[in-house]
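1. Sequence first, then the predicted structure:
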Amino acid sequence: MMELPVIGQSVAAPAKGGCASSSCGSSDDQLSHLPESIREKVHNHPCYSEEAHHYYARMHVAVAPACNIQCHYCNRKYDCANESRPGVVSELLTPDQAIKKTLAVAATIPQMTVLGIAGPGDPLASPERTFKTFEELSRTAPDIKLCVSTNGLMLPEYVDEIAKHNIDHVTITINCVDPEVGAKIYPWIFWKNKRIKGIKGAAILIEQQQKGLEMLVARGILVKVNSVMIPGVNDEHLKEVSKIVKSKGAFLHNVMPLIAEAEHGTFYGIMGQRGPTSAELRGLQDACEGDMNMMRHCRQCRADAVGLLGEDRGDEFSLDKIEAMNIDYASAMEYRAQVHAEIEAKLQAKQEQKAQFVPLSSLHPQRKYRSVLMAVATQGSGVINQHFGHAKEFLIYEASSDDVRFVGHSKTELYCSGGDSCGDEETTLQKIIRALEGCEVVLCSKIGYEPWGALEAAGIQPNGEHAMEPIEEAVMAVYQEMIAAGKLDETEDVAYAHAS
Amino acid sequence: MALQIISACVNCWACAPLCPSQAIYEASPHFLIDPKKCTECDGDFTETQCASICPIEGAILNSQGMEVNPAGSLTGIPPEKWQSVMAEIRAR
């Protein structure tokens, strides 16, 4: 059977910890160069491992409402059920409610391995609420990994508290290392009993973030860095950020696109600051990848999201519903362990198959074909199992002579499903076609007659022939069909040319 | 001499722990300041703490009833710009 190549797998990790091969750093194998102790920590964490996110779920509890800085992409007044931006929630929880909700979700969705606190403000600006939740959960649910996301301002002060509660994953949002850039992103911070505006405030924030990062790394706590890509403000600058945070020991960098619409009422939204296109985002991620592992499967979820990345089952666990649930966590933990073992066996089998893979280029070393982007509709488990019309997002894979790699995802309902009042008059189908720009194939379990024709007319070939097959195998099979049909004989990179 | 929290408050909890006089309390529909306890931080801080962390323009009034953080002072969005964009959205 044809199996996908795993980038970098055949390449021994150089002593420095980086990768010599230009193909290294693929999301699929982004963890391969890490020490076993770190891989053990992240292999079932959907936010840290691309592989894991097909199988394992996460949840956020919204216990931390206060914030100590203002970001130009955030509006503290916002609360909308149709919105999926970070920082948006429907219901604030007390620590007791959050603990109850976490146990209810863990018992109902055994694939849930990770509990994060990510707001809706900054978790370290509500330290009592945040650490009370962590403390109780580390005792009652030792099989759940705990994570926290922060802007970093108060990080140096709470690093020891974080270590104490067994929190071994921290995400710091670092958008800049230059205070002049920072002043264009952060209008003010609250620091030592004063509101500090402009460059001075940004300089303090940056200093605290860097110090916090170093202190976490020194304590062996895994650090992921999130950055928001803001075209014209920090897009070029993020390449430097990536280098610096890597050199200080962050193990993963997640560059996310700015989300800014006038309706959100944020500074950027009102002032007409645009977000990056999918191609621009991929371009920056590629540019940073030479320096460190890039995360490409982030879904920028809400501070109260529940489920697999890209899905939100929060409605099933509203306060009134969890009140009515009676959870026996001891027996839930046994069932969870069983489910996790099954997933691990599946992943193990997949890994073994991969090891047997022979790259296409080694079979036909004389031919080099251009790479092709393909969009995939999936509901999880790593297979093509979603109807085109039901997909709210598509995963984007790049097939080349050497490998198949995951390069990102495109949301088709752009952060808002609030009906006709949202956005312009473009039809949903037109929006999807625009979101898939640059892709030449879309793989799904089934597709209707109408979208088929429209996609074909737009140069995107629909394909329903690989339903229920593993994604990477199907992408490679289609790529080979394209080679056999002589579609990839040109030498220039047409896929990118027509994406721009 | 007391500050006041009004309906623009979004209940973000940021102010309450900072108050040196424990004058701020959770209430419905929003947090309130006990005018008998509020000292406007006199003697404790040079700046009123609640108004220095509050992210919502217009949510806190001073003892003269004036907004401590008027429109545009925290977000940097010019009030005229806000008005025109909101009018545009309503017109759609």
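-> Now that the structure is in, tell me what you want to look at. Numbers count the residues shown, from 1 in each chain, chains lettered A, B, ... in the order given.

2. Confirm A:Met256 sits in a strand?
-> Yes. Looking at A:Met256 with DSSP: H, G, I helix; E, B strand; the rest coil, it is inside a strand.

3. Can you pull the residues of the stretch 251-400 of chain A lying near chain B?
-> Residues of the stretch 251-400 of chain A found near chain B (Cβ under 8 Å from any Cβ of the partner chain) are A:Ala262, A:Glu263, A:Phe267, A:Ile270, A:Met271. For the C-beta atoms, the positions are set from N, CA and C on the backbone; glycine is no exception.

4. Repeat the analysis, applying 10 Å as the threshold.
-> A:Glu261, A:Ala262, A:Glu263, A:Gly265, A:Thr266, A:Phe267, A:Tyr268, A:Gly269, A:Ile270, A:Met271, A:Gly272 (Cβ under 10 Å from any Cβ of the partner chain).

5. Out of those, which sit inside strands?
-> Using DSSP state E, no member of those falls within strands.

6. tell me what the lengthiest helix in chain A is packed against?
-> Secondary structure of chain A per DSSP state H: the longest helix is helix A:329-355. In terms of contacts (3 or more Cβ pairs under 10 Å, 6 or more residues apart in numbering or on different chains; DSSP states H and E), helix A:329-355 is packed against helix A:95-108, strand A:112-117, helix A:127-140, helix A:471-484.

7. Out of the ones you listed, the one nearest A:Ser318 is which?
-> A:Ser318 sits nearest to helix A:95-108 of all the helices and strands packed on helix A:329-355, at 9.0 Å, using Cβ to Cβ.

8. How far off centre is that closest one?
-> Relative to its parent chain, helix A:95-108 has a centroid offset of 23 Å by Cα atoms, centre = their mean, to the nearest Å.

9. Can you say which of the residues of the stretch 251-400 of chain A next to chain B are buried?
-> For these, a burial check counting by 16 or more other Cβ atoms under 10 Å in any protein chain shown picks out A:Glu261, A:Ala262, A:Glu263, A:Gly265, A:Thr266, A:Phe267, A:Tyr268, A:Gly269, A:Ile270, A:Met271.

10. related to what we said a few turns ago, can you tell me which of the residues of the stretch 251-400 of chain A next to chain B lies nearest to A:Thr130?
-> A:Thr266 (24.3 Å).

11. Find the nearest non-adjacent residue to the closest one, please.
-> Distances taken as Cβ to Cβ, 6 or more residues apart in numbering or on different chains put A:Asn75 closest to A:Thr266, at 4.6 Å, once the chain neighbours are dropped.

12. doesn't B:Trp82 make contact with the one you found?
-> No. Between A:Asn75 and B:Trp82 there is no contact under Cβ atoms under 10 Å: 11.4 Å.

13. ok, residue 76 - how many residues close by?
-> I'll assume chain A. For A:Arg76, the neighbour count with other Cβ atoms under 10 Å in any protein chain shown is 24.

14. that's the wrong chain, I meant chain B
-> By other Cβ under 10 Å, neighbour count at B:Gly76 equals 16.

15. now A:Arg139
-> 11.

16. That one and chain B: what is the separation?
-> 25 Å (Cβ to the nearest Cβ, to the nearest Å).

17. Which of the helices or strands spans B:Gly76?
-> Assigned by DSSP states H and E, B:Gly76 belongs to neither a helix nor a strand.

18. any idea of the pLDDT on the residue nearest to it when sequence neighbours are not counted?
-> Distances taken as Cβ to Cβ, 6+ apart place A:Pro187 nearest to B:Gly76, at 4.8 Å, with adjacent residues excluded. Per-residue confidence (pLDDT) for A:Pro187: 98.

19. OK, contacts around A:Pro187?
-> For A:Pro187, the contacting residues are A:69-72, A:195, A:197-198, A:201-202, A:267, B:73-77, by Cβ atoms under 10 Å, 6 or more residues apart in numbering or on different chains.

20. what residue ranges in the chain score low on pLDDT?
-> No chain specified, so I'll use chain A. A:1-34, A:78-90, A:291-292, A:356-367, A:413-426, A:490-500 (pLDDT under 70).

21. ok, A:Met295 touching A:Ser242?
-> No. Between A:Met295 and A:Ser242 there is no contact under Cβ under 10 Å: 11.6 Å.

22. Can you check which residues contact both of the two?
-> What both A:Met295 and A:Ser242 touch, as defined by Cβ under 10 Å, 6+ apart, is the set A:Val225, A:His253, A:Val255, A:Gln285.

23. Packing partners of the helix or strand that contains the second one?
-> Read it as A:His253. Assigned by DSSP H and E, A:His253 belongs to strand A:252-257. Applying 3+ Cβ pairs under 10 Å, 6+ apart, one finds that strand A:252-257 contacts strand A:169-173, strand A:222-229, helix A:237-247, helix A:278-289.

24. now do 7 Å
-> With contacts defined as 3 or more Cβ pairs under 7 Å, 6 or more residues apart in numbering or on different chains; DSSP states H and E, the packing partners of strand A:252-257 are strand A:222-229, helix A:237-247, helix A:278-289.

25. how much distance is there from it to the middle of the chain?
-> 8 Å.

26. got a list of contacts for it?
-> For strand A:252-257, the external contacting residues (Cβ atoms under 7 Å, 6 or more residues apart in numbering or on different chains) are A:48, A:224-229, A:238, A:242, A:245, A:275-276, A:281, A:284-285, A:288, A:292-295, A:298, A:300.

27. Next, the angle strand A:169-173 makes with that strand.
-> Note on geometry: by axes from the mean of the first three to the mean of the last three Cα atoms, to 10 degrees, strand A:252-257 and strand A:169-173 are set 40 degrees apart in direction.
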